[in-house]
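Trainee: coordinates only, no sequence provided:
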C-alpha cells in the first residue's frame, strides 16, 4: 500500500522534463530521492542528462519500471490524450499524479483510460494535482531549483482516492517545499477560472481594444508610444501563449463562461458610474478593489510587488 | 520672447515636489539649472531642502519671482483648481507647463483662469505636458534622479501655443533625457483612456469579480490562495489609488466611455468563441493579442519584462 514514506523506498518517475517536471527532478534529487524520467525526444533526453534533471532519462517508457510514484508533468493536451505506450508502461501499483491546470477533465479522462486498460483499481491511486508554480518558461531549459518553495500545490482527492496515495503525493509536494492544499476538483476549476483563465481573456480584450480603437481614431502610434508599465502588466497574461489559453478555455469552459458573466456585471457596474457621473459610487468601487487586492497577493504570488510604476 | 535657451538664462520654477516635481528638480540641478520650488507645507519644504530637490524651497509663492519657466507639478485636482495665490505669483512673462495625466481639461481650465486674471496673453505661453513617468510613489520622498530618461514626455500644443514657449518646454524635457512627443490634447486624452484609464477599470472589475463570484460559490479562500502573479499583474493598476482613478474618469469621461464600449465588444467577441466552442476563432484572437503586445512595450515601458511568471 502506498504511504507517505513511499519516496524513501522506491524511485519517483517523472513524465516530461519541462518547467514543472525538470524543477521537480532537480529538487527531489537534492533531497536524495532517486528520479527516473521519460521524455519524448532523444535530444531532450540528452540535454536533460547534461542538466542533471533526473538520475536516469530515457525516451523508452520502460524507464518507469520500478517507480512507486509517477508524476505526469505533461502539457495539458498530451495529458488528456496520452500516448498508449506511456499508459502501458506505468507500473500497475504506482501512485499517479499530474500537474495540469484543470482538474475535473483530467480525473475523468484518466479514470476512463485506466478502466479501458483493465486497470480500474489504479484509478484510486490517481491523485489530481496542480502546483501553482507556472512561469512563461517551458522546455528542458526551464527547470530550476526551488521553484515550488512556498507556493501552493493543490490536490483534488475525492471519495474514490486512496488515502495512502494522497499521503504519498503530499509527501512529494512538501518535500520540495510547497504548501499543500486540497479541494474538490470542480472547486479548483471554478477558482482557477476566476483567478487564472479569466485574466487571460480580460488582458487579451484590452490589447484588442487598444489596438482597434486607437487605429479607428488614427491614434495607433500614439497609444503604443504612451503605453506604460500599467498597460504592460494588465496585458501580460492576455498576451501569452494562445494555444495554452485556448486549451484552458476548452477544458474549463463552463466555469470560464460563469466567470465571464460575472465579469460583465462587474465592469458594467463601473461603466454605469462613469456614464451616470456617480463619482462617489465609482470611488467606492475602486476603493473596494484596492482593499481586496492584498488578499490575492498571498502565497500564490511568487515575487514581491515590483517598484509599482503606474 | 521665450526660446530653447531659456533654461540657461533664468531659473526654473517647480510647483510641487512630489514624484515628478522632485525628480525634475534633481535632474535639472544636476544639469546646472537653477531651480526654485514652491510647496504647500513647511514640513515638506524642510524635507525637500534636506533632499536637495531644489536650490530654493519655500511655501511663499513669491519664490517663483524671476523664473522664466514654471512647471506646475501638482496633483490633477489641485492643478484644475489652483490656489489663487499661486496664480497671482506666477511671473507674467513666464512659460507655464503642467504634468497632468489629462490634457484638454487642463488647457481649458488654465486658459480660463489666466483670462479671468487679466492675463489672457499668457495663455499662449501655457504648454500642456505629460511626462509618462508615473510610479505609485508619491510625496516628497518619491523624487529620484533620471526618472525621465528614455520615457515619453508628451506636449499638446495647438494653434494658440507660442512656438518659443513650446521650444522652451521641449528643451526642459530633453535636458532630463525624455523622448519628446507632440499631439493634439484630445488625441492624448483618447490614447490615455485606452492605455492608462481603461486598464484601471478592467483590473478593478477583475478584482470585484474574483471576490464576488468566489464568495458566492464558497470559494473565496481557495481563489485567494491560488491567485498567482498573473492575477497580481492583471489587477495592479485596478487595485491602485481610488481617488486618482476617479479623477481620471471624471476628467476624461467621454474618451473613457468610448474605450469601455470598445472593450465590451472585444471581450464579447472572446466570450462568443467560448460559448460557441469556436476554438480556432479563440486561438486566432489570442494569437492576435500575443502579436500585438510587444508593440505596446516600447519606450513607455520603464522596466524590463519581469521573469514572466504566469
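Mentor: Noted; the coordinates are in hand. Quantities reported herein were computed from a predicted structural model and do not represent experimental measurements. Numbers count the residues shown, from 1 in each chain, chains lettered A, B, ... in the order given.
Trainee: hmm, residue A:154 and residue A:178 touching each other?
Mentor: No - assessed by C-beta atoms under 8 Å, residue A:178 is found out of contact with residue A:154, at 9.4 Å. For the C-beta atoms, the positions are set from N, CA and C on the backbone; glycine is no exception.
Trainee: okay, helices next: where are they in the stretch 151-300 of chain A?
Mentor: Here the stretch 151-300 of chain A has its helices, by DSSP state H, counting those that start in this stretch, at A:163-175, A:185-192, A:198-216, A:220-226, A:229-234, A:242-251, A:253-275, A:279-292.
Trainee: off-centre distance for the last one?
Mentor: Meaning helix A:279-292. With C-alpha atoms, centre = their mean, to the nearest Å as the basis, helix A:279-292 stands 31 Å off its chain's centre.
Trainee: and it, what other elements does it pack with?
Mentor: Other elements packing on helix A:279-292 under the criterion 3 or more C-beta pairs under 8 Å, 6 or more residues apart in numbering or on different chains; DSSP states H and E are helix A:253-275, helix B:198-216, helix B:242-251.
Trainee: ok so, going back, overlap of the contact sets of residue A:178 and residue A:154?
Mentor: Counting by C-beta atoms under 8 Å, 6 or more residues apart in numbering or on different chains, the contacts common to residue A:178 and residue A:154 are residue A:131.
Trainee: how about low-confidence regions in the stretch 151-300 of chain A?
Mentor: For the stretch 151-300 of chain A, the stretches flagged by pLDDT under 70 are A:298-300.
Trainee: which residues does the residue nearest in space to the middle of chain A contact?
Mentor: In chain A, the C-alpha closest to the average C-alpha coordinate belongs to residue A:101, at a distance of 3.7 Å (C-alpha atoms, centre = their mean). Shown in contact with residue A:101 (C-beta under 8 Å, 6+ apart): A:76, A:130, A:134, A:192, A:196, A:248.
Trainee: please repeat the previous calculation with a cut-off of 10 Å.
Mentor: Listed by C-beta atoms under 10 Å, 6 or more residues apart in numbering or on different chains, the contact set of residue A:101 reads A:75-76, A:79, A:130-132, A:134, A:188-189, A:192, A:196-197, A:244, A:247-248, A:251-252, B:310.
Trainee: for residue A:73, which non-adjacent residue is spatially closest?
Mentor: Closest residue in space to residue A:73, ignoring its immediate chain neighbours: residue A:21 at 3.2 Å, by C-beta to C-beta, 6 or more residues apart in numbering or on different chains.
Trainee: residues near the closest residue to residue A:132 other than its chain neighbours, how many?
Mentor: Spatial nearest neighbour of residue A:132, chain neighbours left out: residue A:152 (4.5 Å); criterion: C-beta to C-beta, 6+ apart. The tally of other residues near residue A:152 (other C-beta atoms under 10 Å in any protein chain shown) stands at 22.
Trainee: same deal with residue A:278?
Mentor: Residues near residue A:278, counting by other C-beta under 10 Å: 13.
Trainee: and whatever helix or strand residue A:45 lives in, what does it pack against?
Mentor: Assigned by DSSP states H and E, residue A:45 falls within helix A:42-51. Helices and strands touching helix A:42-51, by 3 or more C-beta pairs under 10 Å, 6 or more residues apart in numbering or on different chains; DSSP states H and E, are helix A:19-30, strand A:35-38, strand A:56-58.
Trainee: where does the stretch 51-200 of chain A come near chain B, residue by residue?
Mentor: Residues of the stretch 51-200 of chain A lying near chain B by C-beta under 10 Å from any C-beta of the partner chain: A:101, A:130, A:132-137, A:151-152, A:154, A:179, A:181, A:183-184, A:186-188, A:190-200.
Trainee: for ChimeraX, write a command that selects the buried ones of those residues.
Mentor: Burial among those is assessed by 16 or more other C-beta atoms under 10 Å in any protein chain shown; the matching ChimeraX selection reads:
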select /A:101,130,132,133,134,135,136,137,151,152,154,179,181,183,186,187,188,190,191,192,193,194,195,196,197,198,199,200
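Trainee: hang on, the earlier thing: looks to me like the residue nearest to the centre of chain A is in a strand.
Mentor: No - counting by DSSP: H, G, I helix; E, B strand; the rest coil, residue A:101 is not part of a strand but coil.
Trainee: so how far is residue A:128 from it?
Mentor: Distance, residue A:101 to residue A:128, using C-beta to C-beta, to the nearest Å: 11 Å.
Trainee: what do these two both touch?
Mentor: In contact with both residue A:101 and residue A:128: residue A:188, using C-beta under 10 Å, 6+ apart.
Trainee: neighbours around the residue nearest to residue A:104 when sequence neighbours are not counted, how many?
Mentor: Excluding the flanking residues, the one nearest residue A:104 by C-beta to C-beta, 6+ apart is residue A:185, at 4.2 Å. Neighbour count for residue A:185, taken as other C-beta under 10 Å: 21.
Trainee: so residue A:130 belongs to a helix, correct?
Mentor: No - using three-state DSSP, the assignment for residue A:130 is strand, not a helix.
Trainee: so in terms of bridging, what pairs with it?
Mentor: Beta-bridge partners recorded for residue A:130 (DSSP bridges): residue A:154.
Trainee: list the contacts of it.
Mentor: If you count contacts by C-beta under 10 Å, 6+ apart, residue A:130 has them with A:20, A:97-103, A:106, A:152-156, A:181, A:185, A:188-189, A:192, A:196, B:226.
Trainee: go again using 7 Å as the cut-off
Mentor: Neighbour list for residue A:130: A:99-101, A:103, A:154, A:188 [criterion: C-beta atoms under 7 Å, 6 or more residues apart in numbering or on different chains].
Trainee: of the residues you listed, closest to residue B:1?
Mentor: Using C-beta to C-beta, residue A:101 comes nearest to residue B:1 of the contacts of residue A:130, at 64.2 Å.
Trainee: please identify the most buried of the helices and strands packed on helix A:42-51.
Mentor: Of all these, strand A:35-38 has the most neighbours on average by mean count of other C-beta atoms under 10 Å in any protein chain shown, namely a mean of 26.
Trainee: okay, now the sheet partners of it, with direction.
Mentor: Strand pairing for strand A:35-38, determined by DSSP bridges: strand A:12-15 (parallel), strand A:56-58 (parallel).
Trainee: in a markdown table, list these along with mean pLDDT.
Mentor: Output for the strands paired with strand A:35-38, formatted as a markdown table (pLDDT from 0 to 100):
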| stretch | mean pLDDT |
| --- | --- |
| strand A:12-15 | 98 |
| strand A:56-58 | 98 |
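Trainee: pretty sure residue A:96 sits in a strand.
Mentor: Yes - using three-state DSSP, the secondary structure at residue A:96 is a strand.
Trainee: hmm, stretch A:215-223 touching chain B?
Mentor: Yes - judged by C-beta under 7 Å from any C-beta of the partner chain, stretch A:215-223 and chain B are in contact via A:217, A:219, A:222-223.
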